[in-house]
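Trainee: fold the following and give me the result.
(2 chains, ligands or ions: 2)
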Amino acid sequence: MSAQPNTQPAIETAGLRRTFKGRGGAVEAVAGVDLRVNAGDIFGFLGPNGAGKTTTLRILATLLPPTAGTASVAGFDVARHPRQVRERIGYVAQSGGSYREATGREELVIQGRLFGMSKAEAGRRAIEILAALDLTEAADRTCKTYSGGMRRRLNIGIGMVHRPAVLFLDEPTTGLDPQARARLWVEIRKLRETGTTVFLTTHYLEEADALCDCLAIIDHGRIVAAGSPDDLKREIAGDVLTIGVNGSGDEVVKLLAGLSFVREAGLEDGLVRLYVDRGEEAVPAVLRLLDSKGLAPSTMDLHRPSLDDVFLKKTGRSLRESAA
Amino acid sequence: MRMFRDTWLIFERSLTLSLRNPVWVILGVMQPILYLFLFGPLLNNIAKMPGFPPGGAFNVFVPGILVMTALFGSAFVGFGLCDEMREGVVERMTVTPMSRVAMLVGRSLRDVILLLVQGLILVGLAIPFGLEINVGGVAVAFALLALIGLMMSPVSYTLALVLKTEDSLAPTVNGLTLPLLLLSGVMLPMSLAPDWLQTVAKFNPLYHAVAAIRALFNASFADQEILWGVGLLAVLTVVTIVIGARSFARAAA
Ligand SMILES: Nc1ncnc2c1ncn2[C@@H]1O[C@H](COP(=O)(O)OP(=O)(O)OP(=O)(O)O)[C@@H](O)[C@H]1O
Ligand SMILES: [Mg+2]
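Mentor: Numbers count the residues shown, from 1 in each chain, chains lettered A, B, ... in the order given. Ligands and ions are numbered 1, 2, ... in the order given. From the prediction side, this is the model:
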């Protein structure tokens, strides 16, 4: 991440760790995380299941004390000044938040009031949020009558009622239909205009790409890559060529790795992946070589590097598949 | 002050939600009503036995039933909290700057209001059966019932925060309430019990509460048990509220 020493970061962590002790031994869910999120940014936290995203978020939201390391949010240390941090943040958990027997409006109003709003003020704010999240018609129904996506939207709305300086969203768009997702993206971008810092986790690379100013990839509790989506993609120079083969993949990798324009070759998810300088020229050359050895490919795909390629390269797994 | 405002907000919310499903309030008062109608009349004959405390059978029995109602009405409130925890409501509120004392006391006050209403229904129904009341005495007796609720509901909430699920909460609460109930002289006065049982019962705060409420219903205001009951419950209430509020503060982790 580009350091901006003259602006106070909204979130900063150093050597953050969290170990859980369970029956099967200790799990190091967060294993030394250093992050810096600039104020006003939309920050994306990407990682496969169990990578430590939620655990990190819970530490930052004062719900979980770290085993080691420090974290500050909105200028306050989460361990020493949890109260000041709570006054400045909103937190939407990966699941849950609203109560079955309460109505959407009731939940929004009480949340606003717990943050010090007057009844009238919280009521007005609830109307705004309900409209923005397309819940106006369901406002006075109990939450148990909501669909999964409606309930999710309400939970997100609850986290935004008090206009927090820093908003944490744990997989906000999981379970939303494409329309609701697009709608939420608009709302999240609007938050940027008001200077809110948004820290969100997601499994959707398109989402991270479209929404985030900056992102970090976490795997096994460690940050494996961080930067703007463009910076990360640029790290993978050239194009990506994936080839499906019938025979031994290893043999094909060994053969193609010798070509001058191939920067890197490997076998991932059963497909041969080549990172090549100029894809248009690489395709015919690769085809000719494979043909001459009697190893005709079954499929071939050439594309510009996407975040998924970054992810695959950094973690050895495709997020598309681990998320599915 | 933030604490009082938050307490009011949580009280208001909890009460609204409880009244939306008044089934539980009604079920809670059904059992004591059955005791009143189906068990109470038995006592009319026993009341003539030597060792039976002064006052008519119902003046001995109704205070016990009231304490039982207060005990059950507050010992099981943790179930509702398990439900709120599962829905993520407790976590969501933990991330707000709200007072942790308010999280507890707001809910406990709701529990107290509900059990006082149940108590009033019971007293009203018992009068035709021969319960004799003294308005001042009943007022103080209801203050004692409120104290029982304020003492017990934090215990239930604390257990819920620690145990987290109804499945583990149920046997724990049962194991706690049954001895408290049996050793309080709710059904039959402890004065009928052998000496050793009476001695054990003296360590039960509810025993003193029952004795105090009986004295109050009989307008025996000089009875020392009244001071004992009020003093003991007040002290214990402070203790359970402090522990309960700390559990809410720690529930975050
Ligand atoms: N309370 C807990 N007790 C024990 N282990 C835990 C606890 N919370 C998380 N873990 C473990 O820590 C690791 C990281 O979990 P975490 O929930 O942070 O992952 P995640 O990145 O949010 O995953 P997902 O994408 O599935 O939500 C996992 O191995 C998980 O089993
Ligand atoms: Mg998670």
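
Trainee: near ligand 1, which residues of chain B are found?
Mentor: Within chain B, no position lies close to ligand 1 (Cβ under 6 Å from any ligand atom). Placement of C-beta: from N, CA and C, glycine included.

Trainee: in chain B, what spans have low per-residue confidence?
Mentor: Within chain B, the stretches with pLDDT under 70 are B:252-253.

Trainee: center of it - which residue?
Mentor: The residue lying closest to the centre of chain B (Cα atoms, centre = their mean) is residue B:70, at 2.6 Å.

Trainee: which SSE is it in?
Mentor: Secondary structure assignment for residue B:70, by DSSP states H and E: helix B:57-75.

Trainee: and the helix or strand harbouring residue A:44, what other elements does it pack with?
Mentor: Per DSSP H and E, residue A:44 falls inside strand A:42-46. Applying 3 or more Cβ pairs under 8 Å, 6 or more residues apart in numbering or on different chains; DSSP states H and E, we find strand A:42-46 packed against helix A:53-60, helix A:178-193, strand A:197-202, helix A:205-211, strand A:214-219.

Trainee: so for the fourth one, what gets flagged as buried?
Mentor: Of the residues in helix A:205-211, those buried by neighbour count under the rule 16 or more other Cβ atoms under 10 Å in any protein chain shown are A:205, A:207, A:208, A:209, A:211.

Trainee: make TSV out of the helices and strands packed on strand A:42-46 and add mean pLDDT and distance to ligand 1.
Mentor: Output for the helices and strands packed on strand A:42-46, formatted as TSV (pLDDT from 0 to 100; distance: least, Cβ to the nearest ligand atom, whole Å):
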stretch	mean pLDDT	distance to ligand 1
helix A:53-60	97	3
helix A:178-193	91	17
strand A:197-202	95	7
helix A:205-211	88	14
strand A:214-219	93	7
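
Trainee: nearest to ligand 2, of these?
Mentor: Across those, ligand 2 has its closest neighbour in helix A:53-60 (3.1 Å, Cβ to the ion).

Trainee: what's the following helix or strand after that closest one?
Mentor: Remark: after helix A:53-60, the chain's next helix or strand is strand A:68-73, criterion DSSP H and E.

Trainee: just the CA trace of that following strand, in PDB.
Mentor: Extracted C-alpha coordinates of strand A:68-73, given in PDB (Å, rounded to 0.1, in the frame of the first residue of the first chain):
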ATOM      1  CA  ALA A  68      -0.500 -10.200  20.300                       C
ATOM      2  CA  GLY A  69       0.100  -7.100  18.300                       C
ATOM      3  CA  THR A  70      -1.700  -3.800  18.200                       C
ATOM      4  CA  ALA A  71      -4.500  -2.300  16.300                       C
ATOM      5  CA  SER A  72      -5.900   1.200  16.100                       C
ATOM      6  CA  VAL A  73      -9.200   2.200  14.600                       C
END
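
Trainee: would you put the C-alpha positions of the strand holding residue A:44 in PDB?
Mentor: The C-alpha trace of strand A:42-46 is given here as PDB (Å, rounded to 0.1, in the frame of the first residue of the first chain):
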ATOM      1  CA  ILE A  42     -13.000   1.400   0.600                       C
ATOM      2  CA  PHE A  43     -10.800  -1.400   1.600                       C
ATOM      3  CA  GLY A  44     -11.400  -5.000   0.500                       C
ATOM      4  CA  PHE A  45     -10.200  -8.000   2.500                       C
ATOM      5  CA  LEU A  46     -10.100 -11.100   0.300                       C
END
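
Trainee: what angle do that strand and helix A:53-60 make?
Mentor: Strand A:42-46 runs at 130 degrees relative to helix A:53-60, counting by axes from the mean of the first three to the mean of the last three Cα atoms, to 10 degrees.

Trainee: does any part of strand A:42-46 sit near ligand 2?
Mentor: No. Using Cβ under 5 Å from the ion, strand A:42-46 never reaches ligand 2; the gap is at least 9.6 Å.

Trainee: quick one: mean pLDDT over that strand.
Mentor: Averaged over strand A:42-46, pLDDT sits at 95.

Trainee: show me what contacts the residue nearest to the centre of chain B?
Mentor: Residues in contact with residue B:70 (Cβ atoms under 8 Å, 6 or more residues apart in numbering or on different chains) are B:115, B:119, B:145, B:148, B:149, B:152.

Trainee: so where do the helices sit in chain A?
Mentor: Using DSSP state H, the helices of chain A run over residues A:53-60, A:82-88, A:104-114, A:119-132, A:148-160, A:178-193, A:205-211, A:229-235, A:249-257, A:279-292, A:307-315, A:319-323.

Trainee: could you dump these to CSV with distance to chain B?
Mentor: Formatted as CSV, the helices of chain A follow (distance: least, Cβ to the nearest Cβ, whole Å):
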stretch, distance to chain B
helix A:53-60, 9
helix A:82-88, 4
helix A:104-114, 5
helix A:119-132, 10
helix A:148-160, 7
helix A:178-193, 18
helix A:205-211, 23
helix A:229-235, 29
helix A:249-257, 45
helix A:279-292, 47
helix A:307-315, 29
helix A:319-323, 22
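
Trainee: least confident of those, on average?
Mentor: Here the helices of chain A differ in mean pLDDT, and the lowest is helix A:319-323 at a mean of 55.

Trainee: quick check: the gap between the closest residue to chain A within chain B and residue A:141.
Mentor: Closest approach between chain B and chain A, counting by Cβ to the nearest Cβ: residue B:88, at 2.3 Å. Between residue B:88 and residue A:141 the computed distance is 19 Å (Cβ to Cβ, to the nearest Å).

Trainee: show me which of these two is the more surrounded one.
Mentor: More crowded of residue B:88 and residue A:141, by other Cβ atoms under 10 Å in any protein chain shown: residue B:88, with 18 against 14.

Trainee: to what extent is the closest residue to the more buried one other than its chain neighbours buried, counted in neighbours?
Mentor: Nearest non-adjacent residue to residue B:88, counting by Cβ to Cβ, 6 or more residues apart in numbering or on different chains: residue A:96, 2.3 Å away. By other Cβ under 10 Å, the residues close to residue A:96 number 19.

Trainee: distance of residue A:96 relative to ligand 2?
Mentor: The gap separating residue A:96 from ligand 2 is 12 Å, by Cβ to the ion, to the nearest Å.

Trainee: I'd assumed residue B:90 was in contact with that residue.
Mentor: No. Assessed by Cβ atoms under 8 Å, residue A:96 is found out of contact with residue B:90, at 9.6 Å.

Trainee: look up how far residue B:53 lies from the nearest residue to residue B:165 once chain neighbours are set aside.
Mentor: Leaving aside its sequence neighbours, residue B:165 sits nearest to residue B:82 (Cβ to Cβ, 6+ apart; 5.9 Å). Applying Cβ to Cβ, the value for residue B:82 to residue B:53 is 39 Å.

Trainee: cool, residue A:173 as well?
Mentor: Distance, residue A:173 to residue B:53, using Cβ to Cβ: 68 Å.

Trainee: please identify which of those two sits among more neighbours.
Mentor: Between residue A:173 and residue B:53, counting by other Cβ under 10 Å, residue A:173 is the more crowded of the two (24 against 16).
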